[in-house]
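S.K.: quick one: sequence and predicted model below, then my questions.
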Amino acid sequence: MEMQDYAEQLREIWQCLLDHGVPTEDYAVAVMQEMAKDRRMKQIAKERRNDEGQATEKQIAYLRILGVESDDDMTKTEASDLIDQVVARNARAK
């Protein structure tokens, strides 16, 4: 996103806040910061999903805690999907 786009978005948020009786720029800046955090978290999640390296030690350890023996050649994505499946299955069983 270009700086001009951010400035326009800030103006829109600020105007919306003014329309709702919040007459300070500080609130608009705070909203923009939260939106930036959300965008960054989405980007991090996307990068992690695209990382096809070998499963991490933490993933393997967590699978063991869940009672699943994992393949040493498992990728991060495969391990993550398996963890999600086992956790969901355990939640339904309760």
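M.R.: Received, thanks. Numbers count the residues shown, from 1 in each chain.

S.K.: hey, let's count contacts and neighbours off CA atoms from now on
M.R.: Will do.

S.K.: which other helices and strands contact the host helix or strand of residue 91?
M.R.: In the assignment (DSSP states H and E), residue 91 maps to helix 76-93. Counting contacts by 3 or more C-alpha pairs under 8 Å, 6 or more residues apart in numbering; DSSP states H and E, helix 76-93 packs against helix 57-65.

S.K.: could you give the angle of the helix holding residue 91 to helix 57-65?
M.R.: For helix 76-93 against helix 57-65, the angle by axes from the mean of the first three to the mean of the last three C-alpha atoms, to 10 degrees is 30 degrees.

S.K.: neighbouring contacts of helix 76-93?
M.R.: For helix 76-93, contacts defined as C-alpha atoms under 8 Å, 6 or more residues apart in numbering pick out 49-56, 59-60, 62-63, 66.

S.K.: now do it: distance to the chain's middle.
M.R.: Centroid separation between helix 76-93 and its chain, computed with C-alpha atoms, centre = their mean, to the nearest Å, is 18 Å.

S.K.: ok, so of the contacts of helix 76-93, who is nearest residue 41?
M.R.: Taking C-alpha to C-alpha as the measure, residue 41 sits nearest to residue 49 out of the contacts of helix 76-93, at 12.3 Å.

S.K.: tell me the pLDDT of the closest one.
M.R.: You'll see residue 49 listed with a pLDDT of 70.
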